[in-house]
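Asks: Got a predicted structure plus its sequence, pasted below:
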Amino acid sequence: MPRKIMIGFPEFMSIEKFNKLKLRDLTIRCEFEIFKRDFKVYKRLLTNELLSDLELRVGKETYPAHKLILAMSSPLFREIFSMQDSITSLDVTDVEPNIFYELLRYMYRGSVNDMESFAFDLFLADDKYKIWELLNKCEKTIVVNLKVTNVIHALLFCHDRHLISSKACLFNECQNFIRNNFKEVINEEACKLLVKEEPTFLSLILRDIRKCQDISKSKKVSILSPLISETSLSFLGECEFFLNNKNLSDVEIHVGGIKYAAYKLLLSLRSSVFFRMFIHQMKETLTGVVDIEDIEPEVFYEVLRFIYTNKVERIDMAKEILIVANKYEIEDLKLFCETILINKLMKENLLDYLIFSDDHEPKQLKDKCFEFLIDKLYLIEDWNECFADWSQYVAYFHPHLLLEILNKLASDYELFF
């Protein structure tokens, strides 16, 4: 005899009766009817005192309203009225009157005047009042109207409203727009706002650009070596005898307790700072003594050696020598030290060299660091983890560097998605 299968129960039952059935599986079927308000019924009640039971005070404006309509539209109003059913007036302090009026208009009429102009402000206000249909319409309007000139503001808007996740439609659309219009967006002045307000977004953009299918240099960027004429080399070769020679000097330089003999003419020829010092009647000119307190003696002696011979023996001190060369405006020594550092550039010292170049302005070294980073970041997969570590540090301490890297990508490379 076939087993009888019973489907469905005609009415609710008690727990005791249900337990006696000893059912292994139970499916509960529910039917929902989507409620859509007919705005025609009460659109004429907008700011109409007819049957109003609530006064809304927004700034200097006062709007008559109806609790039932507000409660039907917003969970926040529903909660307020359930806790204070006798309330007859309500102060709204966190929304501008014209924006709140558009919220009211939507609750009563289902529409907003000039949605494109009000979308950001309404989205911001409605994040509190949770009128879901309006939130969705605002988000769609913002996405449709994303432009090169407003996408960074939209991105910051996402951050302010905590809309940063893989499920946040607006945030994802902003990322897609920036990726597809990268060169135009990154040159916008608004990108500087990210440096000040949310530098981690610059790191996210840099990571996101890596999704491009191909990257290539659009122009060759060359690193120039110091250019020294044969005449200069010949002349300086004959000057080596003068290096720290007391008998052939007219100025004494004191560095960390050590005295170096020098010749004003040679110092002035190689350094703009020394030239200005000796051309005017300054203390050093009158006394014949130059006191230098912030440089190590061995470093300064290498600078002095270069001034006289165009040579540096202690190349292990290239960074320290470059700092002095930058201070005393000895341009060819700066280039010389940059070339040494560029030849030593590697993954392990990239962050150190990049920050050093940012602090002391050796432009060619910084450019080479950017090129090295871009080539490795986009061509070698196992650099991802390394980049994540140091980009977090840079975003916190040197955020403008991330924007400079993006500018480098935009100006010197072609990206293909």
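Replies: Received, thanks.
Asks: contacts and neighbour counts: CA atoms only from here.
Replies: Fine.
Asks: the strands in the protein, which residues?
Replies: Per DSSP state E, the chain carries strands over the ranges 54-58, 61-65, 89-92, 214-217, 251-255, 258-262, 289-292, 413-416.
Asks: Which among these is found nearest to residue 172?
Replies: If you check each of those against residue 172 by CA to CA, strand 413-416 wins as the nearest, at 19.6 Å.
Asks: Pull the distance from the closest one to the chain's centre.
Replies: Relative to the centre of its chain, strand 413-416 is centred 21 Å away, using CA atoms, centre = their mean, to the nearest Å.
Asks: residues touching residue 291, list them.
Replies: Residue 291 makes contacts with 253, 254, 255, as judged by CA atoms under 8 Å, 6 or more residues apart in numbering.
Asks: How about residue 300?
Replies: 255, 321, 324.
Asks: Just among those residues, which is most surrounded?
Replies: Highest neighbour count within the contacts of residue 300, by other CA atoms under 10 Å: residue 321, with 26 neighbours.
Asks: longest helix in the chain, by residue count?
Replies: As assigned by DSSP state H, the longest helix anywhere in the chain is helix 363-379.
Asks: buried sites along that helix?
Replies: Neighbour counts over helix 363-379 (16 or more other CA atoms under 10 Å) mark 364-374, 376-378 as buried.
Asks: helices and strands around it, which ones?
Replies: Packing partners of helix 363-379 (3 or more CA pairs under 8 Å, 6 or more residues apart in numbering; DSSP states H and E): helix 331-343, helix 350-360, helix 399-412.
Asks: Just checking the distance from that helix to the centre of its chain.
Replies: Centroid separation between helix 363-379 and its chain, computed with CA atoms, centre = their mean, is 19 Å.
Asks: One more: stretch 98-106?
Replies: Using CA atoms, centre = their mean, the offset of stretch 98-106 from its chain centre is 34 Å.
Asks: Output that stretch as PDB - backbone C-alpha positions only.
Replies: The C-alpha trace of stretch 98-106 is given here as PDB (Å, rounded to 0.1, in the frame of the first residue of the first chain):
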ATOM      1  CA  ASN A  98      16.800  73.100   1.300                       C
ATOM      2  CA  ILE A  99      18.100  69.500   1.500                       C
ATOM      3  CA  PHE A 100      15.600  68.500   4.100                       C
ATOM      4  CA  TYR A 101      12.800  69.900   2.000                       C
ATOM      5  CA  GLU A 102      13.800  67.600  -0.900                       C
ATOM      6  CA  LEU A 103      13.700  64.700   1.600                       C
ATOM      7  CA  LEU A 104      10.200  65.700   2.500                       C
ATOM      8  CA  ARG A 105       9.300  66.100  -1.200                       C
ATOM      9  CA  TYR A 106      10.400  62.500  -1.800                       C
END
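Asks: which ones are touching the nearest residue to residue 191 once chain neighbours are set aside?
Replies: In space, and not counting its chain neighbours, residue 191 is closest to residue 152: 6.6 Å by CA to CA, 6 or more residues apart in numbering. Residue 152 is in contact with 174, 190, 191, 194, counting by CA under 8 Å, 6+ apart.
Asks: Kindly present the contacts of residue 300 as a markdown table, with separate columns for distance to residue 344 and pLDDT.
Replies: As requested, the contacts of residue 300 are arranged in a markdown table below (distance: CA to CA, whole Å; pLDDT from 0 to 100):
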| residue | distance to residue 344 | pLDDT |
| --- | --- | --- |
| 255 | 29 | 90 |
| 321 | 16 | 95 |
| 324 | 20 | 94 |
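Asks: hang on, the earlier thing: and the least confident of the buried residues of helix 363-379?
Replies: pLDDT across those is lowest for residue 378, at 65.
Asks: Do I have it right that residue 405 meets residue 370?
Replies: Yes: counting by CA atoms under 8 Å, residue 405 does reach residue 370; the two are 6.1 Å apart.
Asks: Could you check how far residue 71 is from residue 206?
Replies: 45 Å (CA to CA, to the nearest Å).
Asks: mind listing the helices for the stretch 51-200 of the chain?
Replies: Here the stretch 51-200 of the chain has its helices, by DSSP state H, counting those that start in this stretch, at 67-73, 75-83, 97-109, 115-129, 132-144, 151-160, 169-180, 182-186, 191-197, 200-209.
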